[in-house]
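Visitor: Need coordinates for the below:
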Amino acid sequence: MRCPDIGQIIKVGTFCVLVSTIGSLDAFASSYQDAFADRLSNPNDTHTLNQFVNVAVEAGQYDQALSTIEQHLITYPRDAHARLIAGRLYNHVGSYELAKRQIEHALSIGTLQPDEQSEAEKLIERIDRNLSGTTGFVAIKTGLDVVRNDYDPTAAVSDRTDVNPYAELYATLRHSLESPTDDAIVLTARTRIARRFGDYNLSGSGGVFTASSGRVAIAWEKGLPDTGISSLRMSLSAYGDYYEFQQDSAIREYGITANFSAKPSVDTTVYTNLGYANLATSDLLFTDHRWRAEIGGAHRISGKHAIGAKVRGQFDYANDGTFVGQSIEGIVSYAGLLWSDPDGITWTHRASVGGGHVELPDLLATPGTTFDGTFWSASWDHTFEINDQNRIDLTTYYRAFNLDDPSRDQTTYGIGLSYTYTFR
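Guide: You can find the predicted model right below:
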């Protein structure tokens, strides 16, 4: 699911949450009324007009914002700044032809300030890409994770703390099929290299190594006929995945997934995922076939708060049908806005807790031999959006496995810091 291009947005699961400097629904209403009163008191002032449009957008009053700006332009057709405001607004709601027309008119008038002219030219470039039906970006990410692993005293490995640097390259390309239901073909690719510790089976044979991973995928996104549930969508994808989990041991995964999502109300999203993967070419892994299932949803509480929940399962089998292992997990999460400056950093955060049951294969024994137990997890992630190209992420997390063989128990504490630069 794509988040709409309207203001500052955070995402919980598959749910898009509009964030702003206004702290609650009551504050939305109060600010909207104040901005409307200022607009009536100063009908000729473009700055007041801009303030009203911004507050109207934050309050979801797009029709009111559009009608107000169009009415102003009937009276003042050569107000270049107002036409730039109109162009921004039409771009936000996806009316790219109208947006381009307004911005080109603003540029032709010739009274925009240098910073406004630069903004207008960049908007024209972005709108042209949207009109072409093909959009995408490339992101470069570098970061550092500090990880503390505590093992049971009888484990084959000792407690340790590692500093793990990494670099990642991610790219996506979306081609619209120009259908009434906004169908599209989406291509994604990711590659990552990291310095990390790996001893998946706690056998004492692991160590620090340079790990690589990557993924390529193609997806068909399609809107489904309206059957009384709004925004019903489907995504079918095929992918290839590679991941090194310890020295000379890697997962090679080729699979397909199906995702279905719906919005029973404007504030609620529900979804389900189903998937199958073939892992027969992996190294040091008994699993040949992996099935996945997930169901979840999210609900927006207010303009800057959202909650989410999901349950997911993973089930592994060998070629001969032997059960290899499984994992069933439930997660609840909260996402919200901590700070937002229209001309500066937007600070959002997300907290989640989860737990479940796991059966892990003993890679030193025969297929079908597993370790049974519970696991718990918690994380708190912070994102600092400096602008649409620069982002800083800070994350802290905790994981614990409590298995029927105490020598395989493991507790992990981690903190990570990363920087992402995006080419759009």
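
Visitor: When you work out contacts or count neighbours from here on, use the C-alpha atoms and nothing else.
Guide: OK.

Visitor: Confirm that residue 383 sits in a strand.
Guide: Yes. The secondary structure assignment for residue 383 places it in a strand, going by DSSP: H, G, I helix; E, B strand; the rest coil.

Visitor: how deep is it tucked in, by neighbour count?
Guide: Other residues within reach of residue 383, judged by other C-alpha atoms under 10 Å, total 21.

Visitor: just checking, it touches residue 390?
Guide: No. Counting by C-alpha atoms under 8 Å, residue 383 does not reach residue 390; the two are 10.7 Å apart.

Visitor: Where does residue 258 sit: helix, strand or coil?
Guide: When the structure is reduced to helix, strand and coil (three-state DSSP), residue 258 reads as strand.

Visitor: For residue 293, see how far away it is.
Guide: Here residue 258 is placed at a distance of 10 Å from residue 293 (C-alpha to C-alpha, to the nearest Å).

Visitor: where do the contact lists of those two overlap?
Guide: By C-alpha atoms under 8 Å, 6 or more residues apart in numbering, residue 258 and residue 293 have these common neighbours: 273-275.

Visitor: Could you list which of those residues belong to strands?
Guide: Cross-referencing these with the strands (criterion: DSSP state E) gives 273-275 as the overlap.

Visitor: Contacts only, for residue 156.
Guide: When contacts are counted by C-alpha under 8 Å, 6+ apart, residue 156 is found next to 202-204, 407.

Visitor: from those residues, which would you call buried?
Guide: Neighbour counting with 16 or more other C-alpha atoms under 10 Å marks 202, 407 as buried within those.

Visitor: I figured residue 196 hits residue 208, correct?
Guide: Yes. Counting by C-alpha under 8 Å, a contact exists between residue 196 and residue 208, whose distance comes to 5.4 Å.

Visitor: quick one: which of those two has more around it?
Guide: Between residue 196 and residue 208, counting by other C-alpha under 10 Å, residue 196 is the more crowded of the two (20 against 14).

Visitor: tell me the secondary structure for residue 72?
Guide: State at residue 72, reduced to three classes by three-state DSSP: helix.

Visitor: list the contacts for it?
Guide: Remark: with contacts taken as C-alpha under 8 Å, 6+ apart, residue 72 is in contact with residue 82.

Visitor: What of the one 4 residues further on?
Guide: Contacts for residue 76 (C-alpha under 8 Å, 6+ apart) come out as none.

Visitor: Leaving out sequence neighbours, find the closest residue to residue 235.
Guide: The shortest distance from residue 235 to any non-neighbouring residue, by C-alpha to C-alpha, 6 or more residues apart in numbering, is to residue 221 (4.4 Å).

Visitor: do residue 391 as well
Guide: The shortest distance from residue 391 to any non-neighbouring residue, by C-alpha to C-alpha, 6+ apart, is to residue 385 (4.7 Å).

Visitor: what are the bridge partners for the one you found, then?
Guide: Beta bridges link residue 385 to residue 346, residue 391 when assigned by DSSP bridges.

Visitor: shouldn't it be in contact with residue 340?
Guide: No. Counting by C-alpha under 8 Å, residue 385 does not reach residue 340; the two are 9.3 Å apart.

Visitor: okay, and the common contacts of these two?
Guide: Taking C-alpha under 8 Å, 6+ apart as the contact criterion, the residues that touch both residue 385 and residue 340 are 346-347.

Visitor: before we move on, the earlier item: got the shared contacts of residue 258 and residue 293 as JSON lines, with distance to residue 159 and neighbour count columns?
Guide: Conversion of these to JSON lines gives the following (distance: C-alpha to C-alpha, whole Å; neighbours: other C-alpha atoms under 10 Å):
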{"residue": "273", "distance to residue 159": "37", "neighbour count": "18"}
{"residue": "274", "distance to residue 159": "37", "neighbour count": "17"}
{"residue": "275", "distance to residue 159": "36", "neighbour count": "18"}
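
Visitor: Looking at those, which is nearest residue 305?
Guide: Each of those was checked against residue 305 using C-alpha to C-alpha; the closest is residue 273, at 24.6 Å.

Visitor: give me every residue that touches the closest one.
Guide: 257-260, 292-295.

Visitor: Leaving out sequence neighbours, find the closest residue to residue 197.
Guide: Leaving aside its chain neighbours, residue 197 sits nearest to residue 208 (4.1 Å; criterion: C-alpha to C-alpha, 6+ apart).

Visitor: Assumed that neighbour was part of a strand.
Guide: Yes. With the criterion set as three-state DSSP, the secondary structure at residue 208 is a strand.

Visitor: Show me the strands in the stretch 51-200 of the chain, by range?
Guide: In the stretch 51-200 of the chain, the strands defined using DSSP state E, counting those that start in this stretch lie at 134-151, 160-176, 184-198.

Visitor: of all those strands, which lies closest to residue 420?
Guide: Within the strands of the stretch 51-200 of the chain, the stretch nearest residue 420 is strand 134-151; the backing value is 4.3 Å (C-alpha to C-alpha).
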